[in-house]
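K.L.:
compute the structure for the input listed below.
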Amino acid sequence: MPERHALTNGVLDEQALHICIDMQQIFLEPGPWYAEAGLALLPKIEQLVHARNLPTVFTRFITPSNASEATGSWQTYYKFWHQVTKEEAGEEWLALHPTLQKFAKSENTFDKTTYDAFASGSLRSSIERAQPSALIFSGIETDVCVLATVLTAVDLGFRTIIAQDAVTSSDLNSHKACCELLFPRYSQQIEIATVAEILSARGES
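P.N.:
Numbers count the residues shown, from 1 in each chain. Next up is the predicted model:
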């Protein structure tokens with residue numbers, strides 16, 4: 001991981017919003033998409049969830065019933081990853097981890113069928129209505145759904161912050177490349193900070 005540093009764009013006010021990406025059983029239990037390092041994120045993500053006046057939005061990556069239900073190149077994708085379709089894996093695998101499920105409500109949980117969470121019109125509308133001063137990202141996977149969503153956040157003009165010790169991937173080399181090489185390429189638009197630094201920037205210890 002890169003050397004820790006404070007948020008480059010200053011303090012965070014109470015209009016910031018935390019987006020927790022895809023902390024689901026499908027990624028946190030042994031299986032085709034297991035991101036073993038994801039379990040270690042739970043205490044850090046809980047710190048963000050419990051932070052004073054920091055609302056959290058949860059996303060869930062939803063797989064189709066079978067490959068034929070998908071469209072375009074997603075059919076090829078799910079023919080390869082057929083084990084994660086609802087018909088083979090069951091829907092219980094798509095639930096958030098129990099540690100976080102207790103914080104999830106219908107109004108702050110959004111399902112998506114693609115990597116980019118903003119492709120969900122309901123999520124995008126909800127965030128745009130909230131007009132957050134910053135978006136703080138945590139979750140899985142750094143190099144897939146987190147990456148896709150973060151880049152759209154940048155395109156939409158949001159102050160974008162990645163909680164570097166609250167994101168990970170099933171491919172730790174790819175995760176490291178994102179944190180050390182890719183995200184720093186957007187240094188004017190993407191801030192990288194630890195959960196402790198983020199909370200400190202909000203005046204919390």
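K.L.:
what residues of the helix or strand hosting E88 count as buried?
P.N.:
If you go by DSSP states H and E, E88 is part of helix 86-89. Within helix 86-89, the residues that count as buried by 16 or more other C-beta atoms under 10 Å are K86, A89. Glycine gets a C-beta too; all of them are placed from N, C-alpha and C.
K.L.:
what's the first helix or strand after that helix?
P.N.:
helix 98-101.
K.L.:
next, the buried residues of that following helix.
P.N.:
Going by neighbour count (16+ other C-beta under 10 Å), the buried part of helix 98-101 is L100.
K.L.:
gap between the longest strand along the chain and the chain center?
P.N.:
The residue-count maximum for a strand in the chain (DSSP state E) belongs to strand 160-168. Distance, stretch centre to chain centre, for strand 160-168: 8 Å (C-alpha atoms, centre = their mean, to the nearest Å).
K.L.:
what of stretch 21-32?
P.N.:
Put simply, stretch 21-32 sits 12 Å off its chain's centre (C-alpha atoms, centre = their mean).
K.L.:
start and end of that stretch, how far apart?
P.N.:
Length of stretch 21-32, first residue to last, C-alpha to C-alpha, to the nearest Å: 18 Å.
K.L.:
return the set of buried residues in that stretch.
P.N.:
Neighbour counts over stretch 21-32 (16+ other C-beta under 10 Å) mark I21, D22, M23, Q24, Q25, I26, F27, L28 as buried.
K.L.:
in three-state terms, label I192 for me.
P.N.:
What DSSP: H, G, I helix; E, B strand; the rest coil gives for I192 is strand.
K.L.:
bridging residues for it?
P.N.:
Listed beta-bridge partners, I192: I162 (assigned using DSSP bridges).
K.L.:
hmm, back to that, now the two most distant members of the buried residues of stretch 21-32.
P.N.:
I21 and Q25 (14.5 Å; C-beta to C-beta).
K.L.:
re the thing from before, closest to I136 among the buried residues of stretch 21-32?
P.N.:
Using C-beta to C-beta, I21 comes nearest to I136 of the buried residues of stretch 21-32, at 11.2 Å.
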